[in-house]
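Asker: With the sequence up front, the predicted model follows.
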Amino acid sequence: MGFTLPGRNARGRAVRLDGVLEQVLSAHDYPAPITHLLSEALVLGALMGGLLKGEQSQMTMQAQTNGGTVSLLVCDYRGGALRGYCDFDAERLAGLGANPSLAALFGEGYLAITFETEGRQRYQGIVPLEGNSLAEACQVYFSQSEQIPTLIRVASRAGAGGRSAAGLLVQHLADGEEGRERLHVRMDHPDWEHVAVMAGSISHDELLDPSLSLEAIAWRLFHEEDEVRVQSGAALSRGCRCSAEHYATIIARFPPEEQQAMRNEKGIVVVDCAFCSRLFELAV
């Protein structure tokens, strides 16, 4: 769900994942710390991807490090379709305990966020993977790479009915009027300070409470504003786009000698999709 606060020059996104989250996580037998990490990444993917216009616009978030316990975390969003994957060292992870910190999981890593619009315009920002959570690292991305004051809150937990996760993203909008300072370079603007305090008061329990609708969350936080405009967001789904035809098209771009090197003893190219854990046998 999207919402705007016209009187405060702010916009927001709220999302809650349940069934979609379980579908993505079920592709691999992830241990609890990785399940928690990937759940947070998928919420962030939905929040940031929901900022884009156009069904074919795409947001990709990739966290990577050299020699870290987690070597790669990637998720993307396009038109409501979410997918994600995490690669990690299981033996090293077991030695980190039940609730390892972001620094323990990644060491010195970086976070790359790429937005590709429907018109194929592509822009990317890369920031150090620092802070106590992926959400904090994403806040740094918006403040450093796009100079947009941003607050993000993410909650995730496992229960009897499976894992659920939810999040809230609020941003200050730029003032484009000529001859005036653009609002988005002022991190201390009073309108933004007020919005950030209100949005920051949201609790994990509120975000995850199934009896509290996303509209009710926005109203609970900002009911004192003159106007809160709410817009329905895209329906979310598990969005792995793998298919035999897709991989055959990609492999066909390689030189014949490289295609030959890909074949097994039966002359078949076997492609393993990390996102959905499926094998595709291609007779190319």
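Answerer: Nice, thanks for sending it over.

Asker: And the residue most central in space within the chain, how close does it get to Arg13?
Answerer: The residue lying closest to the centre of the chain (C-alpha atoms, centre = their mean) is Gly45, at 1.9 Å. Counting by C-beta to C-beta, to the nearest Å, the gap from Gly45 to Arg13 is 11 Å. For the C-beta atoms, the positions are set from N, CA and C on the backbone; glycine is no exception.

Asker: One more: Val195?
Answerer: Distance, Val195 to Arg13, using C-beta to C-beta: 14 Å.

Asker: Comparing these two, which residue is more hemmed in?
Answerer: Val195 (25 against 22; other C-beta atoms under 10 Å).

Asker: hang on, that one packs against Phe3?
Answerer: No. The criterion here is C-beta atoms under 8 Å, and Val195 misses it with Phe3 at 11.3 Å.

Asker: Can you work out which residues contact both of the two?
Answerer: Common neighbours of Val195 and Phe3 (criterion: C-beta atoms under 8 Å, 6 or more residues apart in numbering): Phe222.

Asker: Show me what the helix or strand hosting Arg11 is packed up against.
Answerer: Element membership for Arg11, per DSSP states H and E: strand 10-17. Applying 3 or more C-beta pairs under 8 Å, 6 or more residues apart in numbering; DSSP states H and E, one finds that strand 10-17 contacts strand 2-5, helix 32-49, strand 162-172, helix 190-200, helix 214-222.

Asker: for these, which one sits closest to Phe115?
Answerer: Of all the helices and strands packed on strand 10-17, it is helix 32-49 that lies closest to Phe115, at 8.1 Å by C-beta to C-beta.

Asker: What are the buried residues along the closest one?
Answerer: 33-49 (16 or more other C-beta atoms under 10 Å).

Asker: ok, now how distant is Thr114 from Tyr77?
Answerer: Applying C-beta to C-beta, the value for Thr114 to Tyr77 is 11 Å.

Asker: Tell me the residues that contact both of the two, please.
Answerer: Common contacts of Thr114 and Tyr77 (C-beta under 8 Å, 6+ apart): 58-59.

Asker: more crowded one of those two?
Answerer: Tyr77 (27 against 15).

Asker: Which pLDDT value goes with the more buried one?
Answerer: Turning to Tyr77, the model gives it a pLDDT of 93.

Asker: Verify the assumption that it is located in a strand.
Answerer: Yes. Counting by DSSP: H, G, I helix; E, B strand; the rest coil, Tyr77 is found in a strand.

Asker: which ones are touching it?
Answerer: 45-46, 48-50, 58-59, 239.

Asker: Max pairwise distance over those: which two?
Answerer: It's Met48 and Gly239 that sit farthest apart of the contacts of Tyr77, by C-beta to C-beta, at 14.8 Å.

Asker: Okay, strands next: where are they in the stretch 51-200 of the chain?
Answerer: Using DSSP state E, counting those that start in this stretch, the strands of the stretch 51-200 of the chain run over 58-65, 70-78, 81-88, 109-116, 122-128, 150-159, 162-172.

Asker: rewinding a little: now whichever helix or strand comes after the strand holding Arg11: buried residues?
Answerer: Next helix or strand after strand 10-17 toward the C-terminus (DSSP H and E): helix 19-25. By 16+ other C-beta under 10 Å, the buried positions in helix 19-25 come out as 20-21, 23-25.
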